[in-house]
Structures are given as structure tokens and as C-alpha cells.
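>>> Below are the sequence and a predicted model; questions follow.
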Amino acid sequence: MLKTFPKGGVHPPENKLSAQAAIEVFPIPPQVVIPIAQHIGAPSTILVKRGDMVKTGQIIAKTSGFVSANIHSSVSGKVSKIEDVVDSSGYKRPCVIIDTEGDEWEEGISRDASLNSSIALEPKEIIERVLEKGIVGMGGATFPSHIKLNVPSGKKAEYLIINGVECEPYLTSDHRVMLEQPEQLMVGIQIIMKALGVSKAIIGIENNKPDAIETLNKLAPSYPGVSVEALKVQYPQGGEKQLIKATINREVPSGGLPIDVGAVVHNVGTAIAIYEAVQKNKPLIERVVTVTGKSLAKPSNFLVRIGTPISSLIEAAGGLPEDTGKVINGGPMMGKALSNLDVPVTKGTSGVLIIREEEASRKEIAPCIRCARCTHVCPMGLEPYLLMTVSKNSIWEKAEKNDIMDCIECGSCSYECPANRPLLDYIRLGKSKVSQIIRSRRQS
Amino acid sequence: MNKVLTISASPHSFGVDSTQKIMYGVVLALLPALAASIYYFGIGALIVTAAAVISSVGFEYLIQKYVMKVKPSISDGSAMVTGLLLAFNLPTNIPIGLVILGSLISIGVGKLSFGGIGQNPFNPALVGRVFLLISYPVQMTSWPKPIIGRMNYLDAETGATPLAVVKEGLKNGESFSSIDIPAYLDLFFGYLGGCAGEISAFAILIGGIYMLWKKIITWHIPLTVLGSMVFFSGLLYLINPEGFADPIFHLITGGAMLGAFFMATDMVSSPMSVKGQIIFAIGIGFLTIVIRVFGAYPEGVSFAILIMNAFVPLLNTYFKPKRFGEVKKNG
């Protein structure tokens, strides 16, 4: 029997329309808009000014705190503006806008595609390099990767778990990367293992990607300590806590981190970015983005420079269909609806999903019939119906007591609810209120 | 690209199930039992069922429209389910007036007085049935004998149910094996006196399996109710096989099957967590056997379910699902 996480979860239609579309290198756009807040944590400090000439891969903003990341130019050209632009969050945030001129790369970056599998750097140097090259989690959470490579004192990492689950319907960027760059992935894994000092790495992949499982299984024997675990398809298996439970059967304690159970999780895209940073000296300036949708003419996977407008990706995939109702940055379960298609691709953009008009709006909300499905599908063992009720009625004490902060916002409850109740919306509201309360309590 | 785009928070994909689909799924699952009822009880089963369904849906519409002044929600199918289940809990020779009164109590008192669908603490159909049972004990306990193809309604020939026969016999000191009851296979298929929809364990099982397959219900409540009944009646039977009925007899007579699959599983009035559901179901099994063996009535499923309904808020508060990564408190 295939492994999976034991409690809760749903199985939405997979709709992996672009699974067979090989990654295409997307043309360099005439202008890029690079937000300086594209990771979790503090926005970076801008190092360039208007009129500066920059090269591809040159650092343009540097880390500004413990949780922060460097940002590099994804093209060569002239900084035309530094101003606030609406990004995928829907808010105006500071961006560096660069007009492309040619494609001249910063010295020291190897653009040679050959595999370099001998790891010369020491663990400390690897972590420094990952920090320097601005690598963040590419599964969507965009947490700066160097922090996860630093095992806090008193803790011990035993397992590296590589997230190749891609449990979001529609998205195929991780799938394609595993198929097309398996060796780079394997070397990337070895680099992370060296940095963490672990001897075991498990690549978790859902069994709806048999070709990726096969490819990596063939390679695994040549990379000591690396194994592939085929997992039963179940959303949200790509959630860190669910993946750890599925692969090594350990439960990250409530409020804790994976390292508390000896695990560190990185996405496959991140592992390849780390390979390129360490072996090729290349910063994170491009990524694979799935552009997909049922009405889209040509669902595709593109290798895109950061800062490229999403609208040009849609154009290249056949243009925005007539019946478009909603465009999502990410997958249908956790992605964010976009109000403006000119927003740039960032380090966390795993996909652009175009949803048809008829699937775009919510259905009418009906009374809760207490069917308990939300409770059954919650992978965190919470009671969404209760959390919604207490949040709706502003009973924050009860929300906290019923572990609202454990919610991972996977949306399984809202997905499953037969009465179309906006469970997750109210739980999000409750979470933000409760976290405010917790913060003010800590301060007093 | 100047299209107006919809903005909403995630998730953007939704399952296909709806309240309506669930309710009509239950209706579909009840059809085999209705067919069995018409087969064994004839025209009376059809009259009682039609009267209960029409009056339940009608009362829901009228009360919502003219008393509560809200948009009637009869299209969600829940009033239809209540009507069917009420009919299935009545004898097939009961006067139509009582059926309509039962519907009024079920819908008006059992459901809408609490606010409508999703709000009622007790199973509305059982509220109606128990009201009638207590107020009209004679009409509610005269059971037509099963006669295939019967066309008469009110003046049907009546007799005691096997549960009543056994209870009476055991009380008079007869041994269980000497009491004259139909063969178990006949009882299983529904050849016995009783309420309209409860007689055929076979037909109810078909509906129950359909609901399990369609994921309308989970196995936890029905199987635990039946298991708990087998356990407690088995315990008594092992102590004294002549003084108590055997567990199989308990399962295939009375409202055990209908109660376990259709009444105890009522979503609104059953607990939310699996732990709560198991305790709820054990309680129903236990109370049913206690009432059947030691109580005043020969049958106790309805009372057992209503009593356990009352415990649901308590069960929801104290039996939470196991949290992922629950931190054990020290000491």
C-alpha cells in the first residue's frame, strides 16, 4: 500500500493539463518589474538607483534581517524606475523596474549546462552561498532557504525530505523539473544533505507522476542515502507537516517546526536552485511556471525570468480565453486570485491558472447541516464548523482554545462543504485576530 | 486584456456535493424500504407515506412563508426526508389525521421551532413519532399483519409484533425457544408486523449500503449501534439463553435497522467527531436493549436515539477529534 498522511484530506480533480508539455525557455521581456518583497519576512534593501546599469544576476537588493533574502536582477539593462507597483498580493509594493538591454551576465556565473556533481564547498560555505544567491522556498511559501539549512543548536536533523508531491491540481512545474533535470535535482539534494549533515533523504512524489518516480528511482542508487517514496494522491500532502507524517510517520508538534522531529523539507525546485547557486554560482533569477486552464489553448510550462509580466505568459500560452472568470497565481486550492494581469512573476510563482467564468464564482451559502465533513477532511484534526462559528461571533478565546492557529489554510473544509459555507474565510479572520491577541499578550 | 476578473479568497475549487444531493440521496436510499413496505402492507403503506411526505413538505412551506416569513427551503429535500422517515415509523393502518398531526409536530416543533434545517437538536421524525406514540397509544400500537397485495387500509387485520410477543412470553415465564415467532429469514426480509418502513432489514440494508457507497453516511454510527445492540443483548443471552432473546432476533426486528442506518445517522442531531459518534452509537444500542428488555415498551430504538440526541452538545464539547501534532500536557 502506498503511504499517505492518515487523517483528513480531499481528492479534487487533478486536471494536470500541462503534464506532458516540456519546459520552454521564455523569451526575455523588454522590461522586468522585480518586487523587493517576494519572500516571507522583511523586504530587502534596494542597492541600485534610477539610471544604474545592471547585469543579469547582479545583486540589486540585499537581505535586511534574519528572515529576508537577496534579490538579483533577472536581466541586463538600465534601472528605469524604482516605485510602488501592484504585485500578486494585490497591494502596491516597492519594485525595481529594469529596461532590458541585451543579456549580459555578471562575471563568475557559469552558464554551462553540463552536470557538475563534485561538491567542493563546506557546509558553512553552502549556507552562505544559498543566502548570497537569494534562494527561497519555491513551492510557494518563499521562506528563505538558508535559514532552513542552519540547524538550530540543540536540534538534530535526521532526514531531508524533498517535496515533489505537487498536490495542487493543475500545477506541473515540479513534475516537469523532476523529469527534465533529475540529475541536477539529485546533486542539489546531496548539497543540502551535506549542509545539514544528514545521511538520509526521501523524495516524496504522488503516484500520479509515475514517469518522475521511475526516472528518479533509476538515478537514486548512484546517490547514497537518497530514496524515492511514491505516495497515494491526497491533498494537502504537499503541506510540510503532512509530508513528514506521510514519509517518516512523525508528527510535528502543534506550534513546532519540522526540525523538532528531525526533519527538514525542501521543494524540488528549491533543490535545483540550490544546485545552481552552489555549483554554477547562479542566483535565483528564473523559475519554471505552469500556465494552465481548461479553456487555455496551449497549457504550458515556461522557464521565466523573475519580473516578467504574467500577461505575457498567458499570451504565449494562447491568449486569455473569452470565457475567463478568474486568474489565479498558484493552484486552485491555495492560490491567490489576481485583479491585474500585469503583475510580475516572482520567486514563489509556481503557476498561473485561468478559471472559466462558470467555475469562478462561489455558490449560494446554505445553512450548516452538521454533516461533519469539514471535521473529517481537516488534515490538522480541527473542527472548521466550530472555528467558523466562533470567529463569526468574535469569540476569540474559544477560537484559540480550539487550536485555530494550527490551521494550515489548505481549504479542504471549504472544498468539501455541501452547504458552500465560507469556512476558511472565517477561520482566516479568526487566525489574524487570535495572532494579534497572542502578540499583545506576549508584549504585556 | 481589460476583462473584469472575479476576486475571492482560496480555495477556488469546490466539491460537487450539496445539501440537496445528500437529501435526495437519502430519499433514494429509502425507496427499497418503501417498496418492501408496499409489498407486505399494501395500499396502507402508500397512503401513510404519501400523506406524511405531502404534509411535511406542506407544513414546512406554510410555516416558513407565513409564520417565520423567510424564503421557504422545501427544495433542499430535508422536509421530504423527514416525512418519509415519519411515515416509516408509523403503522400502516393509522388514520390520516394522525399522520398529518405527526407531520406538524415533526416539522413545526421538531425542526422549525429551533430555526430550521441544521438547528434541531432532536431527530424531527422521531419527535413526531414519539408524540403520537404517547398521545395515541392505541392507534400507534395496532400493527397490521403482513399480507401481500393488501388493498384495505384502516380495517386491516392486526396482531402483535414479534418484539411484543417475545416480551409478553418472557414476562409470563415462557422460555425464549418455546415462543412462537416467524423464521429468522422471514423476519430478515420483512414478513412481520411493525411500522411501515422498519420491517425489512434486507431492504434497509440495501439503502444503507447505497448511502455508505455514496459517502452520505460513514460506517461509524450504524455499525456501532448494531454492534452495541449485539453486545448488550448477547451478554444477557449468554447469561440465560432461555430468559432473553438472542442478538440476531434483536437486530432483525423492530426499528433496529431503520434506526441504525437512517435515524441515528441524521447529520443534524448526531455528533461531529468520530469519537463522539462512537459513544453516541454505543449509547443508542445500550439504551435500546435496556428499554426492550427491562422497559415498559417492547421497542426502544426511538427513545434511545432521542435520549442520545440530547447528549450530542456534550459529546461535541468533550470528545474533539485528535489534533495533528497535539502537544501532551505535562502532569
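Ah, there it is.

>>> Mind naming the longest helix for chain B?
In chain B, assigned by DSSP state H, the helix with the most residues is helix B:19-41.

>>> touching chain A at all, that helix?
Yes. Under the criterion of Cβ under 8 Å from any Cβ of the partner chain, chain A is reached by helix B:19-41 at B:19, B:21, B:22. In short, each C-beta sits where N, CA and C put it, glycine included.

>>> average model confidence for that helix?
Averaged over helix B:19-41, pLDDT sits at 95.

>>> just the residues of helix B:19-41 next to chain A now: which is nearest residue B:55?
The nearest member of the residues of helix B:19-41 next to chain A to residue B:55, counting by Cβ to Cβ, is residue B:19 at 21.8 Å.

>>> Quick one, which of the residues of helix B:19-41 next to chain A are buried?
Listed as buried from these are B:19, B:22; burial here means 16 or more other Cβ atoms under 10 Å in any protein chain shown.

>>> which residues in the chain form helices?
I'll assume chain A. Counting by DSSP H, the helices of chain A are A:123-132, A:145-149, A:173-180, A:182-196, A:210-219, A:240-248, A:268-280, A:310-316, A:357-360, A:373-377, A:384-392, A:396-401, A:412-416, A:423-443.

>>> should've been chain B
According to DSSP H, the helices that chain B contains are B:19-41, B:43-62, B:78-88, B:96-104, B:124-135, B:137-140, B:162-171, B:184-189, B:201-213, B:220-239, B:247-252, B:256-258, B:274-294, B:301-318.

>>> hmm, who's touching the last one?
Contacts of helix B:301-318 from elsewhere in the structure, counted by Cβ atoms under 8 Å, 6 or more residues apart in numbering or on different chains, are A:386, B:89, B:121-123, B:126-127, B:129-130, B:133, B:254-256, B:258-259, B:263-264, B:269-273, B:276, B:279-280, B:283-288, B:291, B:295, B:297.

>>> how about a cut-off of 6 Å?
The contact list for helix B:301-318, computed with Cβ atoms under 6 Å, 6 or more residues apart in numbering or on different chains, reads B:122, B:126, B:129-130, B:255, B:259, B:263-264, B:269, B:271-272, B:276, B:279-280, B:283-284, B:287-288, B:291.

>>> what's the answer for the first one, then?
Outside helix B:19-41, the residues within contact range by Cβ under 6 Å, 6+ apart are A:366, A:369, A:418-419, B:45-46, B:76-78, B:80-81, B:84, B:92, B:144, B:146, B:190, B:196-197, B:200, B:203-204, B:206-207, B:210-211, B:214, B:216.

>>> In chain B, where is pLDDT below threshold?
B:1-2, B:328-331 (pLDDT under 70).

>>> which ones are touching the residue positioned nearest the centre of it?
For chain B, the residue sitting closest to the mean C-alpha position, by Cα atoms, centre = their mean, is residue B:263 at 2.7 Å. Residue B:263 sits next to B:123, B:305 when contact means Cβ under 6 Å, 6+ apart.

>>> Check the one 3 residues further on too.
Contacts of residue B:266 were listed using Cβ under 6 Å, 6+ apart, and they are residue B:123.

>>> which non-adjacent residue is nearest residue A:53?
residue A:78 (5.6 Å; Cβ to Cβ, 6 or more residues apart in numbering or on different chains).

>>> ok, for the residue of the stretch 301-444 of chain A found nearest chain B, nearest residue in space, not its chain neighbours?
Ranked by Cβ to the nearest Cβ, the top residue of the stretch 301-444 of chain A for proximity to chain B is residue A:411, at 3.3 Å. Spatially, and ignoring its direct neighbours in sequence, residue A:411 is nearest to residue B:11 (3.3 Å; Cβ to Cβ, 6+ apart).

>>> Next: residue B:154.
Nearest to residue B:154 is residue B:93, by Cβ to Cβ, 6+ apart, at 5.5 Å.

>>> Verify the stated contact: that neighbour with residue B:143.
No. Between residue B:93 and residue B:143 there is no contact under Cβ atoms under 6 Å: 8.2 Å.

>>> for residue B:146, what are its contacts?
Applying Cβ under 6 Å, 6+ apart, we find residue B:146 in contact with B:40, B:191.

>>> Got phi/psi on it?
phi -70, psi 120 (degrees, to the nearest 10).

>>> Now do it against chain A, distance only.
35 Å (Cβ to the nearest Cβ, to the nearest Å).

>>> got TSV for the residues of helix B:19-41 next to chain A, with distance to residue A:292 too?
Listed next are the residues of helix B:19-41 next to chain A as TSV, based on distance: Cβ to Cβ, whole Å:
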residue	distance to residue A:292
B:19	32
B:21	29
B:22	32
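
>>> Chain A contacts on the stretch 151-300 of chain B?
Contact residues, the stretch 151-300 of chain B versus chain A (Cβ under 6 Å from any Cβ of the partner chain): B:267, B:268, B:272.

>>> For these, pick the one with the most neighbours.
Greatest neighbour count in those, by other Cβ atoms under 10 Å in any protein chain shown, goes to residue B:272: 24 neighbours.

>>> Next, count neighbours for the closest residue in space to it that isn't next to it in sequence.
Once flanking residues are discounted, residue B:272 sits nearest to residue A:372: 4.4 Å by Cβ to Cβ, 6+ apart. Neighbourhood size, residue A:372 [other Cβ under 10 Å]: 22.

>>> Same question for residue A:153.
5.

>>> Okay, it and chain B: tell me how far apart.
22 Å.

>>> Equivalent analysis for residue A:114, please.
40 Å.

>>> Now do that residue: how many residues are near it, please.
As a measure of burial, residue A:114 has 7 neighbours, counting by other Cβ under 10 Å.

>>> Give me the neighbour count for residue A:332.
Neighbours around residue A:332, by other Cβ under 10 Å: 25.

>>> give me the number of residues near the nearest residue to it once chain neighbours are set aside?
Leaving out its chain neighbours, the residue that sits closest to residue A:332 by Cβ to Cβ, 6+ apart is residue B:13, at 3.8 Å. Neighbourhood size, residue B:13 [other Cβ under 10 Å]: 24.

>>> residues touching the residue of the stretch 51-200 of chain B found nearest chain A, list them.
Residue nearest to chain A within the stretch 51-200 of chain B (Cβ to the nearest Cβ): residue B:118, separated by 4.2 Å. With contact set as Cβ under 6 Å, 6+ apart, residue B:118 has these partners: A:367, A:368, A:369, A:370, B:268.

>>> Can you give me the end-to-end span of stretch B:160-180?
One end of stretch B:160-180 to the other measures 12 Å (Cα to Cα, to the nearest Å).

>>> scratch that, stretch A:379-397
End-to-end distance (Cα to Cα), stretch A:379-397: 23 Å.

>>> repeat for stretch A:55-64
22 Å.

>>> Leaving out sequence neighbours, find the closest residue to residue A:90.
residue A:339 (5.7 Å).

>>> got it, and residue B:322?
residue A:381 (5.2 Å).

>>> what residues are up against the closest residue to chain A within chain B?
The nearest approach of chain B to chain A comes at residue B:11, 3.3 Å away (Cβ to the nearest Cβ). Contacts for residue B:11 (Cβ under 6 Å, 6+ apart) come out as A:333, A:411, A:414, A:415.
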